[in-house]
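1. Mind folding the following:
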Amino acid sequence: AAVRQVMVGGALHTVDDLTKPFATPAAPNTPALVRTALQPKHEHDDRFWWHEPEHAKIYCCT
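-> Down below sits the predicted model:
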C-alpha cells in the first residue's frame, strides 16, 4: 500500500512519524516476550479415544 499519511483521532501522522520508534533495533540482551507456547492440560474423555496422545501418531498424521 502506498500510505503517505494516516489520520488517527483527528491527529495527522506521516509514515516517518509512525516508523520512528522502530528505527533502532532492540538490544541483543532484551528477552523475548514469549519463549515457548504453553501446552494445554490434556483432559481424558472416553468418548473421543482417538484424541489421546498415544493414538495420535498411529491413526493420524503419519
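2. gap between residue 41 and residue 15?
-> As defined by Cβ to Cβ, to the nearest Å, residue 41 lies at a distance of 45 Å from residue 15. Where C-beta positions appear, they are placed from N, C-alpha and C, glycine not excepted.
3. quick one, which of those two is more surrounded?
-> residue 15 (12 against 5; other Cβ atoms under 10 Å).
4. got a pLDDT number for the more buried one?
-> If you check residue 15, the pLDDT there is 90.
5. ok, now the one 5 residues further on?
-> The pLDDT attached to residue 20 in the predicted structure is 88.
6. list the contacts for it?
-> Applying Cβ atoms under 8 Å, 6 or more residues apart in numbering to residue 20 gives no contacts.
7. Wait, a helix at it?
-> Yes. Under DSSP: H, G, I helix; E, B strand; the rest coil, residue 20 sits within a helix.
8. residue ranges of the strands in this structure, please?
-> 5-8, 11-14 (DSSP state E).
9. Switch those strands over to CSV; also include distance to residue 48 and mean neighbour count.
-> Conversion of the strands of the chain to CSV gives the following (distance: least, Cβ to Cβ, whole Å; neighbours: other Cβ atoms under 10 Å):
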stretch, distance to residue 48, mean neighbour count
strand 5-8, 47, 10
strand 11-14, 51, 10
